[in-house]
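J.: Okay, predicted coordinates and the sequence, questions at the end:
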Amino acid sequence: MPISTYAISIGSNRPGRHGRPEAEVSAAIGALTGVVAVAPIIASAPIGPSIRRFANTAILVETKDDPPALLARLKAIERDFGRRRGRRWGARVIDLDIILWSGGSWGEAGLTVPHIGFRARGFVLDPLARIAADWRDPVTGLSVRQLAYRLRAVDQRASRP
């Protein structure tokens, strides 16, 4: 299989064996092979019932893995870090999601790429725009930079009185 590039979103809002959430994110990056770019770690507000702020980043990984094989590696890292399945949007020691794939779209075996919710998540788009601003979403044709700009514009309009 040829080498593919993936955009991976990483988040943590619960301390683990590596320390605070920022340390968990850094350790998760270190646990991955083929990392070619890393965005700065940002702090973001939680979504849903969790009350703890998240540490988030995005990375680019090059690998010969197809999407399901990479997903299996990511889930193994999550388990190794102590991630437990539970309440959606709850606190988590680490969360690793495939956002984009250089092969375009993937939609089988319980995996959808591009990630179904990434276009509405600033905590994904903002770091990703730092390392892959020109990467185009295969569904909309828009670049990551354009998606981030549109989301910020919507957020600004929503926050006006």
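T.: That came through fine.
J.: how much space is there between Ser105 and Ile98?
T.: For Ser105, the distance to Ile98 equals 12 Å [C-beta to C-beta, to the nearest Å]. C-beta coordinates here come from the backbone N, C-alpha and C atoms, glycine included.
J.: typed the wrong thing, it's Pro161
T.: Between Pro161 and Ile98 the distance is 38 Å, computed by C-beta to C-beta.
J.: Among those two, which residue is more densely surrounded?
T.: Ile98 (22 against 2; other C-beta atoms under 10 Å).
J.: Pretty sure that one sits against Arg73.
T.: No - between Ile98 and Arg73 there is no contact under C-beta atoms under 8 Å: 10.3 Å.
J.: Break down this protein into its helices, ranges please.
T.: Along the chain, the segments classed as helices by DSSP state H run 21-31, 67-80, 122-132, 144-159.
J.: Between those helices, which one is closest to Val113.
T.: For Val113, the closest of the helices of the chain is helix 67-80, at 5.4 Å, according to C-beta to C-beta.
J.: Need the winner for burial among the helices of the chain.
T.: Highest mean neighbour count of those: helix 122-132, a mean of 22 (counted as mean count of other C-beta atoms under 10 Å).
J.: Just want the angle from it to helix 144-159.
T.: 150 degrees (axes from the mean of the first three to the mean of the last three C-alpha atoms, to 10 degrees).
J.: Take the helices of the chain and lay them out in CSV including mean pLDDT and distance to Leu111.
T.: Listed next are the helices of the chain as CSV, based on pLDDT from 0 to 100; distance: least, C-beta to C-beta, whole Å:
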stretch, mean pLDDT, distance to Leu111
helix 21-31, 97, 19
helix 67-80, 95, 5
helix 122-132, 97, 17
helix 144-159, 89, 20
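J.: Same list (those) but as CSV, adding distance to Ser12.
T.: Formatted as CSV, the helices of the chain follow (distance: least, C-beta to C-beta, whole Å):
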stretch, distance to Ser12
helix 21-31, 4
helix 67-80, 10
helix 122-132, 12
helix 144-159, 21
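J.: any idea of the pLDDT on Arg87?
T.: Note on Arg87: pLDDT of 54.
J.: so what's the closest residue to Gly107 other than its chain neighbours bridging to?
T.: Nearest residue to Gly107, sequence neighbours excluded (C-beta to C-beta, 6 or more residues apart in numbering): Val113, at 7.6 Å. Beta-bridge pairing for Val113 (DSSP bridges): Trp106.
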